[in-house]
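> Predicted structure and sequence below. I'll ask about it afterward.
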Amino acid sequence: MKVAVTILNWNGKGFLEKFLPSLFNSLQQSKYEADLIVADNASTDGSIESFSDNPDITWIQLDKNYGFTGGYNRAFDILRKQTWEEGKNPYTHFILINSDILVPDGWMDSLCEFMESHPEAGICQPKILSFNRHEEVLSGKKENDQFEYAGASGGFIDKWGFPLCRGRILSCIEDDLGQYDTPQRCFWASGACMMVRADLYQDLGGLEEEFFAHMEEIDFCWRASLAGHQVWCVPQSKVYHVGGGTLPNNSPRKLYLNYRNNLLMLWKNLPEKGKKGRIFFRKCLDGLSAVCYVFQGKFSYYLSVVQAHRDYRKLKARVKVTPNEKGALPYGMLPYSIIRKFFTGKKRFSQLPF
């Protein structure tokens, strides 16, 4: 097994200074062969100048900001080409990891061991905990770690395409009390820290570049499931994620990308039978959200939803629809509305019928 542990950086100098040393040290102590790569999306904050002289880090300099999707696709294409040209053994696995993540020793080994012993798994993620809460635990202000919004202990989606996780439903985030410490097959793994077999990444054509950022990992995992591969969370591995490092959680731009890409994801991957009706109802739910934003005085959020629906109509002809001849809905798509469950008191994953 040979692993390319790859950070996609864009003006993340501060995060690299804070978290890159722990990542580098953990890989040095791993029993698996792993290279540390930083692919830079044309940063302007001096990221390259600060770290490019480290011979143990491979830098890939891209000519512009291709987003999360295009940046990773180009970085992995370059890595494949370099190993072939230099006559080196190719990478068998890729790990996509955000620059705002703290890793403890052994985090990667647990993922590698799981992938070695589970050939049916094409993708996996660690348990993702909140870095900010972890600092409070270390200082004695809090007793328990808390799951992080983007991935927690494995991702699922509901009937209408709304994502949720073991440890996080909508805005309700659980403390980590060991309740989700068993490996679990799931619907999606978080792009904040995701391990994928290199040949699977290539076979699927990488991440959907029209997404630019957000929801791309859910789309990727859905396509992997339709191709016969499983997605897992391996909580024996854990990492600590700051979250919102590139776009804050309250950013209208982030809201726009999530609404737009969610519709594109449904369009790409749902079976043809019933697809239009399901997307129409999802758009109606989005419309209700937009009205709520107006009443809350969040007019920029309202405009983000409107723009997302407009651009979805433009972009859906440019994305490749995934073949789904059997009309299959993958493991981990729950057959009910998570919003309805949430407002009837089901705010923890363990309370859901599953």
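Okay, I see it.
> Toward the C-terminus, what is the element adjacent to the top strand by length along the chain?
For the chain, the longest strand by residue count, based on DSSP state E, is strand 230-241. Later in the chain than strand 230-241, the nearest helix or strand by DSSP states H and E is helix 252-269.
> burial count for the nearest residue to Cys233 once chain neighbours are set aside?
In space, and not counting its chain neighbours, Cys233 is closest to Gly154: 3.1 Å by CB to CB, 6 or more residues apart in numbering. To be clear about C-beta, it is placed using only N, CA and C from the backbone, and glycine gets the same treatment. For Gly154, the count of nearby residues is 29 (other CB atoms under 10 Å).
> where's Gly154 relative to Phe187, distance?
8 Å (CB to CB, to the nearest Å).
> for Ser50, same thing?
The gap separating Ser50 from Phe187 is 38 Å, by CB to CB.
> the more surrounded of the two?
Just comparing Ser50 and Phe187: by other CB under 10 Å the higher neighbour count belongs to Phe187, 23 against 13.
> What sits closest to that one if chain neighbours are left out?
Spatial nearest neighbour of Phe187, chain neighbours left out: Gly332 (2.8 Å); criterion: CB to CB, 6+ apart.
> And for Arg348?
Glu174 is the one closest to Arg348 (CB to CB, 6+ apart), at 5.8 Å.
> OK, contacts around the one you found?
146-147, 152, 167-168, 348-349 (CB atoms under 8 Å, 6 or more residues apart in numbering).
> Alpha carbons only: can I get the helix or strand of the chain with the lowest mean pLDDT in CSV?
Ranked by mean pLDDT, DSSP states H and E, the weakest helix or strand in the chain is helix 47-51, scoring a mean of 80. Extracted C-alpha coordinates of helix 47-51, given in CSV (Å, rounded to 0.1, in the frame of the first residue of the first chain):
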residue,chain,number,x,y,z
SER,A,47,1.8,29.7,1.5
ILE,A,48,4.3,28.4,-1.0
GLU,A,49,7.2,30.6,0.1
SER,A,50,6.8,29.5,3.7
PHE,A,51,6.9,25.7,3.1
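> moving C-terminal of it, what's the next helix or strand?
Remark: after helix 47-51, the chain's next helix or strand is strand 57-61, criterion DSSP H and E.
> orientation of the one helix or strand Met115 maps to relative to strand 230-241 in degrees?
Element membership for Met115 (DSSP H and E) is helix 107-117. With axes from the mean of the first three to the mean of the last three CA atoms, to 10 degrees defining the directions, helix 107-117 sits at 170 degrees from strand 230-241.
> and the residue nearest to Phe187, what pLDDT?
Note on Gly332: pLDDT of 96.
> residue closest to the middle of this structure?
The centroid of the chain falls nearest to Gly191 when counting by CA atoms, centre = their mean (2.1 Å).
> contacting residues for it?
Listed by CB under 8 Å, 6+ apart, the contact set of Gly191 reads 68, 96, 98, 150, 216-217.
> Of those, grab the buried ones for PyMOL.
Selection of buried members from the contacts of Gly191 for PyMOL, criterion 16 or more other CB atoms under 10 Å:
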select buried, resi 68+96+98+150+216+217
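> Just put the contacts of Gly191 in a markdown table and tack on secondary structure and distance to Leu285.
Below are the contacts of Gly191 laid out as a markdown table (DSSP: H, G, I helix; E, B strand; the rest coil; distance: CB to CB, whole Å):
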| residue | secondary structure | distance to Leu285 |
| --- | --- | --- |
| Phe68 | helix | 25 |
| Leu96 | strand | 30 |
| Asn98 | coil | 29 |
| Ala150 | coil | 22 |
| Glu216 | helix | 21 |
| Glu217 | helix | 22 |
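> between the contacts of Gly191, which is nearest Leu255?
Ala150 (14.7 Å; CB to CB).
> could I get the contacts of Glu174 as a markdown table with distance to Leu27, secondary structure and pLDDT?
Listed next are the contacts of Glu174 as a markdown table, based on distance: CB to CB, whole Å; DSSP: H, G, I helix; E, B strand; the rest coil; pLDDT from 0 to 100:
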| residue | distance to Leu27 | secondary structure | pLDDT |
| --- | --- | --- | --- |
| Gln146 | 26 | strand | 98 |
| Phe147 | 25 | strand | 98 |
| Ala152 | 24 | coil | 97 |
| Gly167 | 26 | coil | 97 |
| Arg168 | 28 | strand | 97 |
| Arg348 | 35 | coil | 96 |
| Phe349 | 31 | helix | 96 |
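> Which among these count as buried?
With neighbours counted using 16+ other CB under 10 Å, the contacts of Glu174 contain these buried positions: 146-147, 152, 167-168, 349.
> Would you convert these into a markdown table that also reports distance to Gln125?
Formatted as a markdown table, the buried ones among the contacts of Glu174 follow (distance: CB to CB, whole Å):
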| residue | distance to Gln125 |
| --- | --- |
| Gln146 | 17 |
| Phe147 | 12 |
| Ala152 | 10 |
| Gly167 | 12 |
| Arg168 | 13 |
| Phe349 | 15 |
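> Identify the farthest-apart pair in these.
Spanning the widest gap among the buried ones among the contacts of Glu174 are Gln146 and Phe349, at 14.0 Å by CB to CB.
> I'd say the residue nearest to Phe187 and Ala189 touch.
No. With contact defined as CB atoms under 8 Å, Gly332 does not count as touching Ala189 (10.6 Å).
> Mutual contacts of those two, please.
155, 231.
> Which of the two has more residues huddled nearby?
Comparing Gly332 with Ala189 by other CB under 10 Å, the one with more neighbours is Ala189, at 30 against 20.
> Thank you, goodbye.
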